[in-house]
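A.B. asks: Just need the structure, nothing else, for what follows:
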Amino acid sequence: MKTQETKWAIDPTHSKVGFKVKHLMISNVLGSFREFEGTATTEGDDFSTAQISFSLNASSIDTEVADRDAHLKSADFFDAENYPKLTFSGNGLKDLGDDMYELTGELTIKEVTKSVTLAVEFGGIMADPWGNVKAGFSINGKINRKDFGLNWNAALEAGGVLVGEEVKISGDVELVKLS
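C.D. replies: Next up, the predicted model:
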């Protein structure tokens, strides 16, 4: 007998997706995306079977500095006008034990698609006071921005570059059960 299919969606009011990247090779610039959406389809409540679809609105990038955000939205980086979405598609979480999982999927930025693997910590499943069933996850990983055509940089007089190539990705995501 086949287990019933369950549909989940990201609860944006209880989720955050962020990143950090080296600046001047000595410190980090932190940012987030304010607009995103995602779904998961599982067999019952088994996230190892999850079919995951996620997208970010490139224009919603927020580093708390308007000029920097405008530069990141420009053709030098995300080219948000021509490539409005960053997408991720994944198939199932590999159980590593102790509520730790590995999620591998396809990340697409500016029409460049690469396989990425993310570390996922499962926080559990709980009903909220209004009867909505929620599942919580903390997600971490890293990518090389140049792999996706985000090549802009400036050389520093003392050596090195203005913006690091490695981008650390983090997310705290709460899913709500739809069916």
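A.B. asks: Any stretches of the chain with poor pLDDT?
C.D. replies: When the per-residue scores of the chain are filtered using pLDDT under 70, the ranges that remain are 1-2, 156.
A.B. asks: the helices in it, which residues?
C.D. replies: Secondary structure of the chain (DSSP state H): helices located at 66-73.
A.B. asks: Contact partners for residue 174?
C.D. replies: Residue 174 makes contacts with 10-11, 14-15, 134-137, as judged by Cβ atoms under 8 Å, 6 or more residues apart in numbering. No exception for glycine: its C-beta is placed from N, CA and C like everyone else's.
A.B. asks: which residues of the protein fall in strands?
C.D. replies: Along the chain, the segments classed as strands by DSSP state E run 5-10, 16-23, 27-33, 36-43, 46-57, 61-62, 85-97, 100-109, 112-127, 133-144, 163-177.
A.B. asks: out of those strands, which comes closest to residue 74?
C.D. replies: Using Cβ to Cβ as the measure, strand 61-62 is the one of the strands of the chain that comes nearest residue 74, at 10.9 Å.
A.B. asks: In terms of secondary structure, what does the closest one contact?
C.D. replies: Applying 3 or more Cβ pairs under 8 Å, 6 or more residues apart in numbering; DSSP states H and E, we find strand 61-62 packed against strand 27-33, helix 66-73.
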